[in-house]
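Enquirer: with the sequence up front, the predicted model follows.
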Amino acid sequence: MDTSEPRLIDKLDLPRDLRSLDSVSLRRVAQEVRAEIIQTVARNGGHLGSSLGVVEIAIALHTELNTPEDIVIWDVGHQAYAHKLLTGRLEQFSSIRTYGGLSGFPSREESVFDAFGTGHASTSISAAVGIAEAWRRTGTRVSAFARPRRVVAVIGDGALTGGVAYEALNHAGHLKTPVLVILNDNAMAIDKNVGAISAYLSRLRTDPTLYKIRRDLERRLQRLPGVGDLVTALGTQLKDSLKAALTPGMLFEELGFTYVGVIDGHDIDELRTSIRRCLAMEGPVLLHCRTTKGKGYPPAEKHPGRYHGIAAFSPATGEASDSEEPTTFTRAFGEAMVDLASRDERVVGITAAMAAGTGLDLLKEQMPHRFFDVGIAEQHAVVMAAGLAAAGKRPVVAIYSTFLQRAFDHIIHDVCLQKLPVVFAVDRAGLVGADGPTHHGAFDLSYLRIIPGLTIFAPKDEAELQRLLATALLLEGPSAIRYPRCPGIGVPLCRPIEPLEGPWVEVLRTGKDILFLTVGPIVYSVLEAANLLHASGIEATVASVRQVRPIDANAIIDLVANHPAVVTVEDNAIAGGFGSLVLELMADAGISRPLARAGLPDRFVPHGPVEVLRQDVGLSPEGLAARALAILRQ
């Protein structure tokens, strides 16, 4: 494309003007949208491959639909970059995932075109069914066309491996809900999709001619003397038999959907024709589109997993800048899993489509028979782990904090109630940065610490994480280890990895004026706050609590009793978190002290750099020092 020529998208009133463009112009829009996504993600970081793969689908939908009266729900939401560019946010797009800028996911607060927020996978069909049924029961119509409003769910990037998607498909088929589901089939989640459903979709992609075979066979049978009359007499029974034998989308047909596909998801003309035809059908329809993750950017097409979610990079080379940061907590966990699994044949790792994101890719590479990727199915991951533990294994379930929420019932009912030795590696605990409120690990301490029998660890550095993993694998009951998404502290790693036997409350600094009780790596911000207070003549004690449950109540009470005031600090919601636990201990012991709880506030924290967000919520060293001074003044 000639970069000196003015961009067509800068002249258009989007998405309205798409409907008047010819095919050539729409393909030009696709080129310009793709180029804008590449340049912006190269600068800001973000989800590149997924968004590049749906550019033509987004254009075709906004051309054929009357958005925002008709709506499109994107599942998972990181596919929505092209949608944002096409819906009045072109000038703001350069701010995506930056502090105060556009969200990296659909957001109802951001635009009327984002009718439903999606940050976790597999929810779009359920939401679409709810919206479509609400409209059907109120007779909502688009006045410009005097026709019912349309709702489309675009599901892909592995989201169809999630069980809730099939619950929705089943119910939509039962209700005959007028909803269009577009399956964006790129054979990928972050890494290649796994499981029988993936293999099934692969067969559909590679053999779309089965539709033509079925159609031709029916026609030929109808023409044969005698046989044609039999075909007519048998009617539905014979047709269903033919479908079962020859229809690629029989799974969806049996669920009550009309299946259309497989079509080229990068051919705008074919997409528009198919979408138009699907919208004219009655009841639920599934349109199966074959796409390429990273389409239009060779490095992303070649390495789609690497470019799923990527930091800033050079658009010319595709290479990220070199970093001298210490190993991440995630990497330290992955290395420890390989080490500990090599010494204990019972140890296995489980992840939900996040092998690289959780560090379990190292176990997958070196011990593939000890690794399970269940797809985007966190509930199944937890229950499967319970089964493995019941059969004598030591399963480690590595799932991001925000996604583990989806399996809360199974943690209680299938693991903890049965006292099974499952280890939950809770990655991305606390603030995660640019992914924002759908991905912040803000609630795990609150929702895990209420479960009887669950041991909870909170390492302050990467070496402690490895030792606590070794400790957890020795327990005869369930446990969880929470740790953040960030580089490690740079402390030396112990070899061999030895279990940690305490103390569970570690005093890192002593002082007489105020006590800081904290969990996790945020203790290093607390130590900086203590230095600031020292400059003002105030001496603080700083204690790191490595085991939150069961907590060493005696150690906590002794520390509290010897200080005039207390500040608890956590990278977790204040409501029901570590600070609440300390208050409960003090109440039970009959001790009264001024206490301030520092943590994530009772609201959803937006996206932005972690350091900036911590300043906003009072978790920076300066904010913590100010909190201490305020409570001392009381």
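Expert: Arrived safely. Everything numeric in this text was worked out from a predicted model, so none of it was measured.
Enquirer: give me phi/psi at the most centrally placed residue in the chain?
Expert: By CA atoms, centre = their mean, the chain has its centre lying nearest to His120, at 4.6 Å. Here is the backbone geometry of His120 (degrees, to the nearest 10): phi -100, psi 150.
Enquirer: next: Thr438.
Expert: When read as degrees, to the nearest 10, the backbone of Thr438 gives phi -70, psi -20.
Enquirer: touching, Val439 and Asp427? I think so.
Expert: You called it Val, but residue 439 is His. No. In this structure His439 lies outside contact range of Asp427 using CB atoms under 8 Å: 11.0 Å. From N, CA and C alone the C-beta is placed, and that goes for glycine too.
Enquirer: find residues that contact each of these two.
Expert: Tyr400 (CB atoms under 8 Å, 6 or more residues apart in numbering).
Enquirer: settle it for me: which of these two has more neighbours?
Expert: Set side by side, His439 and Asp427 show more neighbours around Asp427, with 29 against 22, by other CB atoms under 10 Å.
Enquirer: separation between the more buried one and Tyr400?
Expert: 5 Å (CB to CB, to the nearest Å).
Enquirer: common neighbours of the two, please.
Expert: With CB under 8 Å, 6+ apart, Asp427 and Tyr400 have common neighbours 357-358, 441.
Enquirer: and the helices in the stretch 151-300 of the chain?
Expert: 163-175, 196-206, 210-223, 227-234, 236-246, 250-254, 268-279, 298-302 (DSSP state H, counting those that start in this stretch).
Enquirer: least confident of those, on average?
Expert: Mean pLDDT is lowest for helix 236-246 among the helices of the stretch 151-300 of the chain, at a mean of 49.
Enquirer: in this protein, where's the longest helix?
Expert: Secondary structure of the chain per DSSP state H: the longest helix is helix 23-44.
Enquirer: quick revisit: buried subset of the shared contacts of Asp427 and Tyr400?
Expert: Buried members of those, scored by 16 or more other CB atoms under 10 Å, are 357-358, 441.
Enquirer: now intersect the residues you listed with the helices, please.
Expert: Reading helices off those with DSSP H, I get 357-358.
Enquirer: any idea which of the buried ones among the shared contacts of Asp427 and Tyr400 is closest to Asp414?
Expert: Proximity to Asp414 was ranked across those by CB to CB; first place goes to Thr358, at 20.5 Å.
Enquirer: so what pairs up with the closest residue to that closest one other than its chain neighbours in the strands?
Expert: Excluding its sequence neighbours, the residue lying closest to Thr358 (CB to CB, 6 or more residues apart in numbering) is Ala398, at 3.8 Å. On the basis of DSSP bridges, Ala398 is bridged to Thr351, Ala425.
Enquirer: let the chain start at 47 from now.
Expert: Noted, 47 is the first residue going forward, which turns the last one into Ala444.
Enquirer: Ala444: neighbouring residues, count only.
Expert: 27.
Enquirer: quick check, Ser360 in contact with Gln85.
Expert: No. Here Ser360 does not reach Gln85: they are 11.1 Å apart, not a contact under CB under 8 Å.
Enquirer: isn't there a strand covering Ala633?
Expert: No. Ala633 is assigned helix when assessed by DSSP: H, G, I helix; E, B strand; the rest coil, not a strand.
Enquirer: if I look at it, how far off is Asp648?
Expert: Distance from Ala633 to Asp648, by CB to CB: 21 Å.
Enquirer: also Arg452?
Expert: 22 Å.
Enquirer: higher neighbour count, the two?
Expert: Arg452 (23 against 8).
Enquirer: list the contacts of the more buried one.
Expert: With contact set as CB under 8 Å, 6+ apart, Arg452 has these partners: 166, 424-425.
Enquirer: kindly report the same for Phe562.
Expert: If you count contacts by CB under 8 Å, 6+ apart, Phe562 has them with 572, 575-576, 586-589, 612-615, 670, 674.
Enquirer: 7 Å - rerun?
Expert: By CB atoms under 7 Å, 6 or more residues apart in numbering, Phe562 lies in contact with 572, 576, 586-589, 613, 615.
Enquirer: ok, Phe379 next?
Expert: By CB under 7 Å, 6+ apart, the neighbours of Phe379 are 405, 471, 511, 515.
Enquirer: between the contacts of Phe562, which is nearest Asp481?
Expert: Nearest member of the contacts of Phe562 to Asp481, counting by CB to CB, is Val615, at 23.0 Å.
Enquirer: so the closest one is in which element?
Expert: Using DSSP states H and E, Val615 sits within strand 612-619.
Enquirer: what's in contact with that strand?
Expert: Contacts for strand 612-619 (CB under 7 Å, 6+ apart): 475-477, 488-492, 530, 560-566, 568, 572, 606, 623-625, 628, 639, 641-646, 670, 673-674, 677.
Enquirer: correct me, but Pro505 touches Leu515?
Expert: No. Pro505 lies out of contact with Leu515 (CB atoms under 7 Å); the separation is 8.8 Å.
Enquirer: which neighbours do the two have in common?
Expert: Residues touching both Pro505 and Leu515 (CB under 7 Å, 6+ apart) are Ile527.
Enquirer: got a markdown table for the buried ones among the shared contacts of Asp473 and Tyr446, with pLDDT and distance to His349 too?
Expert: Formatted as a markdown table, those follow (pLDDT from 0 to 100; distance: CB to CB, whole Å):
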| residue | pLDDT | distance to His349 |
| --- | --- | --- |
| Gly403 | 91 | 15 |
| Thr404 | 95 | 19 |
| Gly487 | 96 | 27 |
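Enquirer: stretch 460-475: end-to-end distance?
Expert: With CA to CA, to the nearest Å as the measure, stretch 460-475 spans 23 Å from end to end.
Enquirer: list the buried residues for that stretch?
Expert: Applying 16+ other CB under 10 Å to stretch 460-475 flags 460-462, 466-475 as buried.
Enquirer: cool, and stretch 110-124?
Expert: Neighbour-count burial for stretch 110-124 [16+ other CB under 10 Å]: 110-114, 116-124.
Enquirer: how far out from the middle of the chain is it?
Expert: Chain-centre distance of stretch 110-124: 20 Å, with CA atoms, centre = their mean, to the nearest Å.
Enquirer: kindly report the same for stretch 444-454.
Expert: The chain centre lies 9 Å from the centre of stretch 444-454; the measure is CA atoms, centre = their mean.
Enquirer: in this structure, what secondary structure element scores lowest on mean pLDDT?
Expert: helix 282-292 (a mean of 49; mean pLDDT, DSSP states H and E).
Enquirer: in stretch 72-83, what's buried?
Expert: Judged by neighbour count (16+ other CB under 10 Å), stretch 72-83 contains these buried residues: 72-76, 78-83.
Enquirer: hang on, the earlier thing: quick check, nearest of the contacts of Phe379 to Arg182?
Expert: Looking across those and measuring by CB to CB, the closest to Arg182 is Ala471, at 44.0 Å.
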